[in-house]
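> Can you look at this prediction? I've put the sequence above it.
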Amino acid sequence: MNATIWIALPVVVLAGAAASMQAPINSALGRAVDNTLAAAAFSFGVGFLVLLALTLFSSGTSVLPKFTGLTWWQLSGGAFGAFYVWAALWGVPILGVVTTVSALILGQMVVALMLDTIGAFGLPVRELSLQRVLAVVLVGAGLVLSRV
């Protein structure tokens, strides 16, 4: 494996850890304001402000004109992210953190396997293999075990 992979893996693992923290924190926010949609919107707003500040600090405003003329699907990630944040904060008090995160990961893995296999959105095609299918099945088994 090249050096970039050794940098990317721990960063992505930390992002996964952050997502596990985000769900119960946002769930507590939802309980505090007694509205899961409002909590998700506020959480997204805080995230937007952080990312905007980091963008302006690192790139200035030079990147902003590049957002004109994009297709609808290139902008749909924010809607998917909003649904993810809401579903996670809504699911935690019902399912618990482990089951909620397991279900989120299973959904990610199933769709990721399909997207890799077809090379969606300009990504390189990655072969569908028994090993990769078993990885998804094992995540599904983990979800089942989290509820036993």
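Structure received. Numbers count the residues shown, from 1 in each chain.
> Please identify the buried residues of the host helix or strand of Ser102?
For Ser102, the element it lies in under DSSP states H and E is helix 97-118. Within helix 97-118, the residues scored as buried using 16 or more other C-beta atoms under 10 Å are 97, 99-106, 109, 112-113, 116. Where C-beta positions appear, they are placed from N, C-alpha and C, glycine not excepted.
> mind checking pLDDT for Val63?
For Val63, the model assigns a pLDDT of 89.
> Give me the secondary structure label for Arg126.
Three-state assignment for Arg126 (DSSP: H, G, I helix; E, B strand; the rest coil): coil.
> Run through the residues that contact the closest residue to Val33 other than its chain neighbours.
The spatially closest residue to Val33, leaving aside those adjacent along the chain, is Ala39, at 5.6 Å (C-beta to C-beta, 6 or more residues apart in numbering). With contacts defined as C-beta atoms under 8 Å, 6 or more residues apart in numbering, the neighbours of Ala39 are 26-27, 29-30, 32-33, 89.
> What does Ala39 show for phi and psi?
Main-chain dihedrals, Ala39, degrees, to the nearest 10: phi -60, psi -40.
> in this structure, which spans are helices?
Using DSSP state H, the helices found in the chain span residues 3-33, 36-59, 72-75, 77-95, 97-118, 130-146.
> Cheers, nothing more for now.
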